[in-house]
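K.L.:
Give me a 3D structure for the following:
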Amino acid sequence: MARTADSSSTPSSVPDVLAPGLVCVFCGINPGRVSDAAAAHFANPRNDFWRLLHDAGFTPRLYDPQEQFSLLGLGYGLTNAAYRTTPGSGDLRRDDFDADAFDDRIVAVRPRAVAFVGKEAYRGLYRDRPELGPQLHSIGQTGLYVLPSTSPANAAVPYAERLEWFRALRDWLEPVERDAVRALVLDRQGRVLLVRFWGPGRDRSWWGSPGGGIEPGESHEQALTRELLEEIGLEELEVGPLLFEHIGQFPWAKRLYRQRNVTYLVRVEEHEPSATVDLSAEGVAEVRWWTLAELAASQEQFAPPDLLERVRNLRS
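P.N.:
Numbers count the residues shown, from 1 in each chain. You can find the predicted model right below:
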């Protein structure tokens, strides 16, 4: 596949292979001299990355590093935690890593996940010693996973063991399916009641309508009645019409979820929200009423992202 507009140049000769909406972006630590000379990721013939990618089922055949842009058509991308070329990763300095710039790069294309190829790629960015596998930390709606290094310097770890981690990543990338019901709660002043949720690592938060997962055997009305009692203390309600449906994909507690949300209108005269159960384990931080003007002026993150327009259209 030819380079796309989303595949950007970098301070090294090794380009970012990125496009919006990828399933997974594989992130190496930095370009080595062989990769820099080839202008391709993991170009050292002794590096097992491309072989592991094929043996784990990510590619239909063994790809050559020069075919790196062909990964985009399969839903995968490539980048590096640091751009400076060095003889080895041990030659990198702390200021070679810029976590904010890396996060911005990932948020711009919103992949389902980033897989760091080696613990040091993750550690260099986030100053944290990760375990292999899924991480509690996330970048917006993107989950993070750490693979063993594929470098020849990591030859002490058997190929079979590294292959197990690549296969585990492929399984983990398939989201857990979940059904949820939510309420757009409006009072007589036209304000909307929203809940602030913290991500599992408490490194991000967003505001959304109250509601949650539908338990086995529950109808939408039963689930919504239970959720609104627990989250906002609303005991008596009349469930109005179905307003909209949307699908959200997000990481939570080291898992990836694809959640189908259905949202109903619930009108109240007035209500002072107060949870009736401890919701800290579910990431609920606070509940408050919002006016349209406050929504329009806010820099907070909302779910769904076009929540303001949906509320505005309902009001009009």
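
K.L.:
Specify the local secondary structure of the residue lying closest to residue 10 once chain neighbours are set aside.
P.N.:
Closest residue to residue 10 apart from its sequence neighbours, by CB to CB, 6 or more residues apart in numbering: residue 83 at 5.2 Å. Backbone N, C-alpha and C define where each C-beta goes, glycine included. Secondary structure for residue 83, judged by DSSP: H, G, I helix; E, B strand; the rest coil, is coil.

K.L.:
Count the neighbours of residue 83 for me.
P.N.:
17 (other CB atoms under 10 Å).

K.L.:
thought it was touching residue 27?
P.N.:
No: with contact defined as CB atoms under 8 Å, residue 83 does not reach residue 27; the gap is 11.8 Å.

K.L.:
Ends of stretch 32-52, what's the gap?
P.N.:
Its start and end residues considered, stretch 32-52 measures 19 Å (CA to CA, to the nearest Å).

K.L.:
Do you know the pLDDT at residue 23?
P.N.:
Looking at residue 23, its pLDDT stands at 98.

K.L.:
phi, psi of it?
P.N.:
In terms of degrees, to the nearest 10, the main-chain angles of residue 23 are phi -70, psi -50.

K.L.:
Now do stretch 165-172: distance to the chain's middle.
P.N.:
Mean C-alpha position of stretch 165-172 versus that of the full chain (CA atoms, centre = their mean, to the nearest Å) differs by 16 Å.

K.L.:
for stretch 15-28, same thing?
P.N.:
13 Å.

K.L.:
Just the buried residues of that stretch, please?
P.N.:
When burial is assessed from 16 or more other CB atoms under 10 Å, stretch 15-28 yields the following buried residues: 15-19, 22, 24-28.

K.L.:
Equivalent analysis for stretch 179-198, please.
P.N.:
Of the residues in stretch 179-198, those buried (16+ other CB under 10 Å) are 180-186, 191-198.

K.L.:
cool, and stretch 57-64?
P.N.:
By neighbour count on 16+ other CB under 10 Å, the buried set for stretch 57-64 is 58-59, 63.

K.L.:
All set now, cheers.
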